[in-house]
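# Here is a sequence with its predicted model. Questions after.
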Amino acid sequence: QVQLVESGGGLVQPGGSLRLSCAASGFSLRDYAIGWFRQAPGKEREGVSCISRSGGTTKYADSVKGRFTIARDSAKNAAYLQMNSLKPEDTAVYFCAITVGTHPELVTLVESGMDYWGKGTLVTVST
């Protein structure tokens, strides 16, 4: 069964850190670029970060640059989003998604460019 499962969400105070994980089963993540997206209450889903199939190219939304880091681990068939200096406006459900893409260095923060999605994990940044 093909699955993407996110984990690592939770409640954290402003300025704190969390690391989200995206675990794949039933297929290999090696063949895909991996993106993280988020949807805050009452808002549309937005792209946060993406890492290319090769792992050599990354892309970040301006709102998270310098605070979030995306990574992938082929041996564990997983991807990660390290989130530091969290702000209340980072509160959202975070989703990982994958796309085959047309180039090994392809990265995208466009929702319609993704082929398959996980169900999300909730991150709440609050005192």
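Ah, there it is. Residues are numbered from 1 along each chain as shown.

# so how far is stretch 111-124 from its chain's centroid?
Here stretch 111-124 is found 7 Å from its chain centre; the criterion is Cα atoms, centre = their mean, to the nearest Å.

# my guess is Arg30 is in a strand, correct?
No: counting by DSSP: H, G, I helix; E, B strand; the rest coil, Arg30 is not part of a strand but helix.

# leaving aside the residues next to it on the chain, what's closest to it?
Of all residues beyond its chain neighbours, the one nearest Arg30 is Ser74 (5.4 Å), with distances taken as Cβ to Cβ, 6 or more residues apart in numbering. For glycine as for every other residue, the C-beta is placed from the backbone atoms N, C-alpha and C.

# Give the burial count for that neighbour, as a bare number.
11 (other Cβ atoms under 10 Å).

# so how far is Tyr94 from it?
22 Å (Cβ to Cβ, to the nearest Å).

# What are the boundaries of the helices in this protein?
Using DSSP state H, the chain contains no helices.

# Between the two ends of stretch 15-31, what distance do you get?
One end of stretch 15-31 to the other measures 35 Å (Cα to Cα, to the nearest Å).

# so where is this structure shaky, pLDDT-wise?
Residue ranges of the chain with pLDDT under 70: none are present.

# Can you pull up the most central residue in it?
Nearest to the mean C-alpha position of the chain, by Cα atoms, centre = their mean, lies Trp36 at 2.2 Å.
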